[in-house]
Structures are given as C-alpha cells and as structure tokens.
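> sequence first, predicted model second:
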Amino acid sequence: LLVEMIVPVPLRVKIPDPGDLTFIEVAKAAGVVAIVTGNKRHFPAGACGDIKIWNPRELLDNLAKETL
C-alpha cells in the first residue's frame, strides 16, 4: 500500500459546484494527469488548467491507447 500526503493549495477560481473545488486543488498539488468524473460540467477547463477532465468511458479509452 502506497500512501502519500497531499497538501492542497487553495485556488481562487469559480466553478459550478464549489464543493468540487477541493478535488481540483488536490489534483493540482499532486500533479495528476486527469480527474475522472461523471459530471464534467462541474470541472470547467479554465479552472483545471492542464488537468484533463474525463468521464469513465474516456478514461478506459485513454488507458487502452496508453495516452496517460
């Protein structure tokens, strides 16, 4: 089991569901490639920067292509 403590950096961006902002903050601090969500509208590109926002199908497609 690998565990890593991530300290999110507070961001001052507006997103449709402010409760989801924590996910973007942690993802940015962790340097992740993508966030996988069933509701992409809650994660606008302008707020997520270089982080890709995929639905589960897109994740599977990208895993199959090895584009991670």
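Sure thing, it's come through.

> all helices of the chain, in order?
In the chain, the segments counted as helices under DSSP state H are 21-30, 45-48, 56-65.

> elements contacting the first one?
Looking back up the chat, that one is helix 21-30. Contact partners of helix 21-30 among helices and strands, from 3 or more C-beta pairs under 8 Å, 6 or more residues apart in numbering; DSSP states H and E: strand 34-36, helix 45-48. (Each C-beta comes from the backbone N, C-alpha and C, glycine too.)

> find me the pLDDT at the residue nearest to Glu4 when sequence neighbours are not counted, would you?
Nearest residue to Glu4 in three dimensions, chain neighbours excluded: Ala30, at 7.7 Å (C-beta to C-beta, 6 or more residues apart in numbering). At Ala30, the model reports a pLDDT of 96.

> what's the closest of the helices of the chain to Gly38?
helix 56-65 (7.0 Å; C-beta to C-beta).

> and the residue nearest to Glu4, how far is that from Ala45?
Distance of Ala30 to Ala45, given as C-beta to C-beta, to the nearest Å: 19 Å.

> ok, His42 - contacts?
Applying C-beta atoms under 8 Å, 6 or more residues apart in numbering, we find His42 in contact with 15-17, 20.

> so the residue nearest to Glu4 touches Ile6, yeah?
Yes: using C-beta atoms under 8 Å, Ala30 is in contact with Ile6, at 4.8 Å.

> show me where pLDDT drops low in this protein?
67-68 (pLDDT under 70).

> residues in contact with the residue nearest to the spatial centre of it?
The geometric centre of the chain, computed from its C-alpha atoms, lies nearest to Ile35 (C-alpha atoms, centre = their mean), at 2.9 Å. By C-beta under 8 Å, 6+ apart, Ile35 lies in contact with 23-24, 27, 43, 48, 51-54.

> hmm, try it at 7 Å
For Ile35, the contact set (C-beta atoms under 7 Å, 6 or more residues apart in numbering) comprises 23, 27, 43, 51, 53.

> kindly indicate the member of the residues you listed with the most neighbours.
Phe43 (23 neighbours; other C-beta atoms under 10 Å).

> for that residue, what are phi and psi?
Taking degrees, to the nearest 10, you get phi -130, psi 70 for the backbone angles of Phe43.
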